[in-house]
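[1] Sequence first, predicted model second:
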Amino acid sequence: MNAVWSALVRFLRTSGTVQALMRRMGIDVVHYWLLVDLFGTLSDRRELPGQLGHNVMTLERSSWLFYFLSGFMVLIFVTMGMSPTTYFLIFMALSGFLLLTNLLSEANNSLMNPIEGLVLAHQPINGATYTSAKLTHILRILLYLVPALNLIPAFAGLLLAGAPWYYPLLHLTAAFAVGMVMALLCCALFGWLLRFVAPARLKAVGFAAEMSSWLLYAMSQFMPQMRSKRFHLPHWVPTGTGPLIVLAAALGAISIAAVVFGLRALSGDYLARVAAIAHGRSGKKIGVRRSYVGALVSRLGGPHVRAGFEYLSRMMIRDWHFRRQMIGVIPIATMLLAGTFEGMRTSPFSGKFTAAHLIPHSIGFAFLLVCTALPYGADYKGAWLFLLAPAGAFRGVARGVYFRLLALVLAPNVVLLPLLAWYWGMRDASLFLAYSAVVSSVYLALELRLIEGMPFSRQPEGTGNPYMLAILLVGGMVVGIAVGLQYFLIFHSPAMVLAVTAALAIASWLLARSSLATLEVGIRFHLGMLSNESKGIYTEVT
């Protein structure tokens, strides 16, 4: 597929028709290809790690995953003898949703995090050229992911009864059309945001727009509970064929106009606002906020512990890279909410298996993603600041980082206490949530070892942790065994729950001590590497 992309780029570079079309759209052809080459160089230097279209290795892995997913679905649907129409609509809907989530994330990261924009903003480049060059990598995403989702289903559709001989061509054409529509909608969305949202707020609003696709997925998890309810269309909605055609045409015209004007706003206004978007803050002065939790941490652990606690608290909210990584926690949080909703009326002490058994492990797996993302940050070049701190401060900083994460682990259990106490009674709810909090803290104590160095002080990497797949597989087996023990042994007796909770609390304390010592050593080692790198740079220059 990479060879196909290279051939396509060569064709676009040499085609006179394409160049004439680009000029009619207001794109400077020479500047466009210079910018495309620049973004490719930045990608090779790992300066654009979060952009899927520039990272060929990650893009190929995602493609193979989608090939496997689509092939598995084809096997099921063909075995079921599904009709060609239903088969076609299912894959178009699946392609539309997956492409929307990926392209929305890519457009958001590319447009709302213009790391090269501060350097190029003063250059004589028009907005249409710059925006087009930044969004060119979306075409590569479509070239990889659309066939990955639809190539196998397109040819397997010939096995369905009643499918025409030209079905593969129809399926692939429609799939690429859906992909282009999703790409245009994503770009137009950010064009409208540029028109109506202040540049300093665009990062936050873009992040909210990216989360919206996952929130739609979260809402779909609660649809089974709504199947029994009947919904009726309002009386003013037309039901005849003629009015429906007119309504569909009107909606189509409005959608086309929205896309066209959104793209015009994006190409015309983007480059002029790059500096404000990159800074992502308003000009208002922010007053000093008193943190009562931070004051309590300072009383208990000292100023160094509070420094780590407050540093992690602020950076988890402000860091662009971390916030985007945490979008993956939304499905896990959805499972947690769905499990609570399904199992809130039945106590786990009743002897029945409920989804509530998964709550402690869902929290633990959510913080696996958190601890994996914590070492990396968008402002990693500011890590030199920690070289000014005394060496003895990092033990307290590591403890402060742990206390901040521990507070986040305990928060869901505290929030659920009144609700579960209403249904189960105070004794059962307290025992279950105490057990849940301790199990989650054991997860956290183990996952703390994934934080290599000072949080937010390393450059984001294009490739993930090579051991993450093994961790997930082993962790899944451990969770299955733990859930089985909970159901068959632990939750049959309150005394057993108390004994296991006490034992796990001791284990959590011991594991946390060991992990904190490892984290402190990792922070010292990473900062020592930064110090040696800076000396090497200055020696080379002199």
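    On my side now, so go ahead. Numbers count the residues shown, from 1 in each chain.
[2] Average pLDDT for stretch 143-155, rounded please.
    The average of the pLDDT scores along stretch 143-155 is 89.
[3] same thing with stretch 349-360?
    Computed over stretch 349-360, the average pLDDT equals 80.
[4] residue ranges with poor pLDDT in the stretch 51-200 of the chain?
    For the stretch 51-200 of the chain, applying pLDDT under 70 flags the ranges 51-58, 113-123, 200.
[5] Now with 50, please.
    Counting by pLDDT under 50, not a single residue of the stretch 51-200 of the chain qualifies.
[6] unless I'm mixing things up, A107 is touching L185, no?
    No: the pair A107 / L185 is not scored as a contact, 9.7 Å apart, by Cβ atoms under 8 Å. C-beta coordinates here come from the backbone N, C-alpha and C atoms, glycine included.
[7] Between these two, point out the one with more neighbours.
    Using other Cβ atoms under 10 Å as the criterion, A107 and L185 rank with A107 on top: 24 against 18.
[8] so what secondary structure elements neighbour the longest helix seen in the chain?
    Looking across the chain with DSSP state H, the single longest helix is helix 494-541. Applying 3 or more Cβ pairs under 8 Å, 6 or more residues apart in numbering; DSSP states H and E, we find helix 494-541 packed against helix 394-424, helix 426-447.
[9] out of those helices, deepest packed?
    Most buried of the helices and strands packed on helix 494-541, by mean neighbour count (mean count of other Cβ atoms under 10 Å): helix 426-447, with a mean of 21.
[10] Name the secondary structure element that contains the closest residue to T136 other than its chain neighbours.
    Leaving aside its sequence neighbours, T136 sits nearest to V36 (Cβ to Cβ, 6 or more residues apart in numbering; 5.6 Å). Here V36, judged by DSSP states H and E, is contained in helix 29-44.
[11] pLDDT on that helix, on average?
    78.
[12] Begin at 14 from now on, thanks
    In the new count, where the first residue is 14, that last one comes out as helix 42-57.
[13] right, and the helix or strand after that helix?
    helix 69-93.
[14] relative to helix 42-57, how tilted is that following helix?
    90 degrees (axes from the mean of the first three to the mean of the last three Cα atoms, to 10 degrees).
[15] chain center to helix 69-93: distance?
    For helix 69-93, the separation from the chain centroid amounts to 20 Å (computed by Cα atoms, centre = their mean, to the nearest Å).
[16] List the buried residues of the helix or strand just after that helix.
    Remark: after helix 69-93, the chain's next helix or strand is helix 97-125, criterion DSSP H and E. Using 16 or more other Cβ atoms under 10 Å as the test for burial, helix 97-125 gives 97, 100-101, 104-105, 107-109, 111-125.
[17] by contact count, what packs against helix 97-125?
    helix 69-93, helix 140-147, helix 150-169, helix 180-209, helix 215-233, helix 333-338.
[18] how about the shortest one: buried residues?
    Read that as helix 333-338. In helix 333-338, the ones that count as buried by 16+ other Cβ under 10 Å are 333-338.
[19] Show me what that helix is packed against.
    On the basis of 3+ Cβ pairs under 8 Å, 6+ apart, helix 333-338 makes packing contacts with helix 97-125, helix 215-233, helix 316-331, helix 372-386.
[20] relative to helix 407-437, how tilted is the third one?
    Same thing as helix 316-331. Using the same axes, to 10 degrees: helix 316-331 against helix 407-437 is 60 degrees.
[21] How about residues contacting helix 316-331?
    304, 306-308, 310-311, 335-336, 387, 390, 406-414, 416-418, 468-469 (Cβ atoms under 8 Å, 6 or more residues apart in numbering).
[22] Find the nearest non-adjacent residue to Y157, please.
    S76 (4.7 Å).
[23] And M86, by the same measure?
    P166 (7.3 Å).
[24] Residue ranges of each domain in the chain, please.
    Per the record, the chain has its domains at 15-238+259-292, 305-554, by automatic domain parsing.
[25] How far away from the center of its chain is the first one?
    Put plainly, it is domain 15-238+259-292. So, by Cα atoms, centre = their mean, the centroid of domain 15-238+259-292 is 16 Å from its chain's centroid.
[26] Which neighbouring elements make contact with the helix holding V49?
    Partner elements for helix 42-57 (3+ Cβ pairs under 8 Å, 6+ apart): helix 29-37, helix 140-147.
[27] Kindly recompute the last result at 10 Å.
    Judged by 3 or more Cβ pairs under 10 Å, 6 or more residues apart in numbering; DSSP states H and E, the packing partners of helix 42-57 are helix 15-27, helix 29-37, helix 130-133, helix 140-147, helix 150-169.
[28] That one vs helix 97-125, what angle?
    Using the same axes, to 10 degrees, helix 42-57 lies at 90 degrees relative to helix 97-125.
[29] Fine by me, we can end here.
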